Structure formats: structure tokens, C-alpha cells
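J.: no FASTA, just this:
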């Protein structure tokens, strides 16, 4: 999955992840941009605008509806900018897509995330995007379970809370 590749690349560059959230990936991408001397406010605004649009697009898809056109346009805006920065480079007798080494401004920190979003949107994994059933959670996740009936973003968080609430309700009514 693309997000896993992003995490590996950021970890190889010295970033330490403390959770499995997409929010932390964005935070590390922003940090990488700031370390490269980008304007902090521009980097944050661009990251938030893309993240919110991407979330709404995936939320609509998980609900079985069409995304709002303006959200898809925002995602595509950054996907297009990211694609222009890719080039084929020879590696051990093969070719790989690699990022050009250019200083393209604040949005360069989001190119990798835009590419990951594009890869998700064009893969079979899109069919497994789910919204967590936990109270007030709203996180999105890929349902990689065997029967594709996973309900929570994380069993150790939302799943355990939901099961504890159900157990408490049964115990009180007994």
C-alpha cells in the first residue's frame, strides 16, 4: 500500500512514527518540508486543504456515493502537480519512478501523499475503505479482514470500547 511506502521512506529519512494514523504521516511530511526551509503557514494550509478534501472523497466512496466535485478537483490539483515531478530512473537493470530533485515550494511535501491517494483511488483497495463504527471516531481504514466485515479502525481502541459498552449494558439489564 502507498501509505506503507510513505512511512518506510520517511522512517528511512529518520522520522519516528508513534501511531498508525494518516494524520501522523501528514505531520511528518510537513516536518520534512519545514526542515527543507519551506514557509510553515503555506505548508500547513496546503496540507490541511488536501487532507480535508481527500477525507471527504474517501468518506463519500465508503458511503457508496459520488464525491463532491470540488473535493475531487482539489485532490486532482495536487495529484497533477505531483505527477509532473516523477521521472523514470534506471536502477539495477530496471526502471523506477523517482521524484525529481527540485525546489517547487510548499506543496512539494504533499506530492507523495497525493500519489498515494491516486494509487488508492485507482486500485481494488478502494473497495475496502470503511468508516469506523466507533462512537465519535470517524476514522477511515482499509478493511483487510478475511470476510471484509471489520467495523472499527482499531480493535484496541474503538473495538474494545464498543465491546465494553455492550458488556456493561448486558450486565446492567441482567
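T.: Arrived safely. Since the structure is predicted, the reported quantities are computational estimates derived from the model, not experimental observations.
J.: and after the helix or strand harbouring residue 70, which helix or strand comes next?
T.: Per DSSP states H and E, residue 70 falls inside helix 69-84. Sequence-wise, the next helix or strand downstream of helix 69-84 (DSSP H and E) is strand 86-91.
J.: by how many degrees do the following helix or strand past that following strand and helix 69-84 diverge?
T.: Counting by DSSP H and E, the next helix or strand C-terminal to strand 86-91 is strand 94-99. Here the directions of strand 94-99 and helix 69-84 differ by 120 degrees (axes from the mean of the first three to the mean of the last three C-alpha atoms, to 10 degrees).
J.: Which strands border strand 94-99, and is each parallel or antiparallel?
T.: strand 86-91 (antiparallel) (DSSP bridges).
J.: From the rest of the structure, what touches the strand it pairs with?
T.: Identification of contacts with strand 86-91 by C-beta atoms under 8 Å, 6 or more residues apart in numbering yields 95, 96, 97, 98, 99, 100, 115. Where C-beta positions appear, they are placed from N, C-alpha and C, glycine not excepted.
J.: Break this protein into its domains for me.
T.: 2-122, 130-174 (automatic domain parsing).
J.: The first one: how far from the chain's middle?
T.: A distance of 8 Å separates the C-alpha centroid of domain 2-122 from that of its chain, computed with C-alpha atoms, centre = their mean, to the nearest Å.
J.: and what of the shortest one?
T.: For domain 130-174, the separation from the chain centroid amounts to 21 Å (computed by C-alpha atoms, centre = their mean).
J.: Could you tell me the end-to-end distance of it?
T.: Taking C-alpha to C-alpha, to the nearest Å, domain 130-174 runs 34 Å from one end to the other.
J.: now stretch 145-154
T.: Termini of stretch 145-154 sit 12 Å apart (C-alpha to C-alpha).
J.: Dump the contacts of strand 86-91 to TSV, plus distance to residue 15.
T.: Listed next are the contacts of strand 86-91 as TSV, based on distance: C-beta to C-beta, whole Å:
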residue	distance to residue 15
95	27
96	22
97	21
98	19
99	16
100	21
115	18
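J.: Now render the domains of the chain as CSV, adding mean pLDDT and mean neighbour count.
T.: Formatted as CSV, the domains of the chain follow (pLDDT from 0 to 100; neighbours: other C-beta atoms under 10 Å):
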stretch, mean pLDDT, mean neighbour count
domain 2-122, 83, 15
domain 130-174, 83, 13
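J.: I would like the residues contacting the longest helix belonging to the chain, please.
T.: Ranked by residue count and defined by DSSP state H, the top helix of the chain is helix 40-62. Under the criterion C-beta under 8 Å, 6+ apart, residues 22-23, 26, 29-30, 33-34, 66-68, 70-72, 74-75, 78, 105-107, 109-110, 113-114, 117, 120-121, 126, 129-131, 140 lie in contact with helix 40-62.
J.: Right, I'll call it a day here.
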